[in-house]
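Visitor: Fold the following and give me the result.
(one chain, ligands or ions: 2)
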Amino acid sequence: MTSSRPSSLSFYSKLHLSAPFKSALLFTLSSQTFCSKYFSTSMLRSIQSALRRGEVSCSSSSSHLLRRSYSSESTPERKVAVLGAAGGIGQPLSLLMKLNPLVSKLALYDIAGTPGVAADVSHVNTRSEVAGYIGEEQLEQALTGSDVVVIPAGVPRKPGMTRDDLFNINAGIVKSLCTAIAKYCPNAVVNMISNPVNSTVPIAAEVFKKAGTYDETKLFGVTMLDVVRAKTFYAGKAKVNVADVNVPVVGGHAGITILPLFSQATPKANNLSDEDIVALTKRTQDGGTEVVEAKAGKGSATLSMAYAGALFADACLKGLNGVPDVVECAFVQSSITELPFFASKVKLGKNGVEEVYGLGLLSDYEKQGLEKLKPELLSSIEKGIKFAKEN
Ligand SMILES: NC(=O)c1ccc[n+]([C@@H]2O[C@H](COP(=O)([O-])OP(=O)(O)OC[C@H]3O[C@@H](n4cnc5c(N)ncnc54)[C@H](O)[C@@H]3O)[C@@H](O)[C@H]2O)c1
Ligand SMILES: O=C(O)C[C@H](O)C(=O)O
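Guide: Ligands and ions are numbered 1, 2, ... in the order given. So this is what the prediction gives:
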């Protein structure tokens, strides 16, 4: 082996890689010569496949080098559309999607403001081509060919409001956007962010059913922000490394319907009392309100939501690309309780949801929380279904 240890290629994600890959990727590479000298063609092809599927990230120069030199396979083309792209969530989410190497086309749609957002984001030197679309007459173009459609369109809360108070405005917005999705990209995976998620997802399902395009494996209410919050708050209280933390959050996305399962959190924390768990649960359930109040009339969570939305869209893209064992929490059609929609861990695959996981063992406190949330969640689901049937 040469003495000059290369530095320009640094691989930094080892997720989902088999042992030989892991050791191979621990090297830092610098040149094509090095690549061909120390990695067999088959190993380079395997690294390339891992890159293609998004199982491993590397600097764009290294990715380019590997792609150019050693592979006949290309990264799958994936179009992502963001509806509501000029909004508080839409703008940072569009930027984060532009940074995602799994995206080849990024369509930014809104009723106003998208030419500026698209021009701005398009200057970022990453893979995807960005286009802005404005107004209903351009919605067809924005959606056509989309693999994933992310919807943060709609009004946010102000202090004193519940998410359900947004229903009257957002239900109509979601209905019209989903009608267009059914028409122009019926096979797309839909990530619903617009509130109230407990109702907007059932609305979307009804719209797709009416259009004859409903595929329950492709419709997701994005509850990732609840997971992001639960991880952050748990890590802070338990004094563990937040990067190592996992906490499933189940139920729905509003108040007590958000049920973090801290009894299943990892790493296990022995330093938390029952009172700590109650406080952590309440803080997770009220996380949205905490931000709404701090913003004092200027909207709700946008930056943390953009982060959470980008993470979830990335998980969907990985699933579509065939990455194994992509598991996240989301609000989906479900039979794990008596409710027709429920958030729990789901496995994401080439067609969207591959498996909806059950709740696992719950503490007595979580069992009580589960029973308490059911009436409210059911009524929000029924409200959405009724709206979509009657309008
Ligand atoms: N799921 C979650 O965890 C979560 C988290 C935070 C916010 N939200 C929700 O996301 C939504 C958006 O929040 P925000 O802070 O970005 O609001 P915002 O007002 O800043 O942005 C909303 C955007 O939607 C656009 N819009 C309105 N009608 C549209 C239509 N018919 N087609 C396309 N775009 C349209 C607006 O022009 C605006 O740019 C709210 O409903 C909010 O409650 C959900
Ligand atoms: O709280 C809100 O209204 C926005 C969002 O649902 C959140 O959880 O931050």
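Visitor: Which residue is the nearest non-sequential neighbour of Glu376?
Guide: Excluding its sequence neighbours, the residue lying closest to Glu376 (CB to CB, 6 or more residues apart in numbering) is Thr257, at 5.6 Å. Every C-beta, even on glycine, is put in place using the N, C-alpha and C of the backbone.
Visitor: ditto for Ile193
Guide: Pro152 (4.2 Å).
Visitor: and whichever residue of the stretch 251-391 of the chain sits closest to ligand 2, how many residues sit next to it?
Guide: Residue nearest to ligand 2 within the stretch 251-391 of the chain (CB to the nearest ligand atom): Gly288, separated by 2.2 Å. Burial of Gly288 is recorded as 25 neighbouring residues (other CB atoms under 10 Å).
Visitor: doesn't Gly251 make contact with the residue nearest to Glu376?
Guide: Yes - under the criterion of CB atoms under 8 Å, Thr257 is in contact with Gly251, at a separation of 4.7 Å.
Visitor: overlap in contacts of the two?
Guide: Leu373, Leu377 (CB atoms under 8 Å, 6 or more residues apart in numbering).
Visitor: sorry, back to before: looking at per-residue confidence, what score does the residue nearest to Glu376 get?
Guide: Note on Thr257: pLDDT of 98.
Visitor: Show the contacting residues for the residue in the stretch 1-150 of the chain positioned nearest to ligand 1.
Guide: Per CB to the nearest ligand atom, Gly87 is where the stretch 1-150 of the chain lies closest to ligand 1, at 2.1 Å. Gly87 makes contact with Asp110, Pro152, Ala153, Thr302, according to CB under 8 Å, 6+ apart.
Visitor: returning to what we had before: what's the residue nearest to Ile193 in contact with, if anything?
Guide: Contacts of Pro152 by CB under 8 Å, 6+ apart are Val82, Leu83, Gly84, Ala85, Gly87, Ile89, Gly90, Leu93, Ile193, Ser194, Met305, Gly309.
Visitor: Quick check: it vs Glu366, distance?
Guide: According to CB to CB, to the nearest Å, Pro152 and Glu366 sit 30 Å apart.
Visitor: quick one on the thing from earlier: sort out for me which of the contacts of Gly87 are in helices.
Guide: With DSSP state H as the criterion, helices contain none of these.
Visitor: Output the set of residues of the stretch 101-250 of the chain in proximity to ligand 1.
Guide: 110-112, 152-157, 166, 170, 173, 176-177, 193-195, 197, 222, 225 (CB under 6 Å from any ligand atom).
Visitor: Drop anything exposed from the residues you listed.
Guide: Neighbour-count burial (16 or more other CB atoms under 10 Å) applied to those gives 110, 152-157, 166, 170, 173, 177, 193-195, 197, 222, 225.
Visitor: Which of those residues fall within helices?
Guide: Per DSSP H, the subset of these in helices is Asn170, Ile173, Leu177, Val197, Leu225.
Visitor: any low-confidence regions in this protein?
Guide: Within the chain, the ranges that satisfy pLDDT under 70 run 1-74.
Visitor: And it, what are its domain boundaries?
Guide: Listed domain ranges for the chain are 10-69, 75-91+143-391 (source: automatic domain parsing).
Visitor: Out of these, indicate the one that is most buried.
Guide: domain 75-91+143-391 (a mean of 20; mean count of other CB atoms under 10 Å).
Visitor: mind listing what the residue minimising distance to the centre of the chain touches?
Guide: Nearest to the mean C-alpha position of the chain, by CA atoms, centre = their mean, lies Phe312 at 1.3 Å. Phe312 makes contact with Asn191, Phe220, Val222, Met224, Glu328, Ala330 under the criterion CB under 8 Å, 6+ apart.
Visitor: which residues of the stretch 151-300 of the chain fall in strands?
Guide: 189-192, 219-221, 249-251, 258-260 (DSSP state E, counting those that start in this stretch).
Visitor: Can I get these in a markdown table including distance to Leu339?
Guide: Compiled in a markdown table, the strands of the stretch 151-300 of the chain are given as follows (distance: least, CB to CB, whole Å):
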| stretch | distance to Leu339 |
| --- | --- |
| strand 189-192 | 17 |
| strand 219-221 | 13 |
| strand 249-251 | 9 |
| strand 258-260 | 12 |
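Visitor: check contacts around the nearest residue to Pro101 once chain neighbours are set aside.
Guide: Leaving aside its sequence neighbours, Pro101 sits nearest to Arg127 (CB to CB, 6+ apart; 5.4 Å). Taking CB under 8 Å, 6+ apart, we find Arg127 in contact with Ser60, Thr75, Pro101, Val103, Ser104.
Visitor: any idea how far Asp244 lies from Thr114?
Guide: For Asp244, the distance to Thr114 - CB to CB - is 39 Å.
Visitor: oh sorry, the question was meant for Phe331
Guide: For Phe331 relative to Thr114 (CB to CB), the value is 27 Å.
Visitor: would you list every one of the helices in the chain?
Guide: 19-26, 32-38, 41-53, 60-70, 90-98, 114-122, 139-143, 167-184, 197-211, 224-238, 274-285, 287-295, 303-320, 364-390.
Visitor: Thanks again, I'm all set now.
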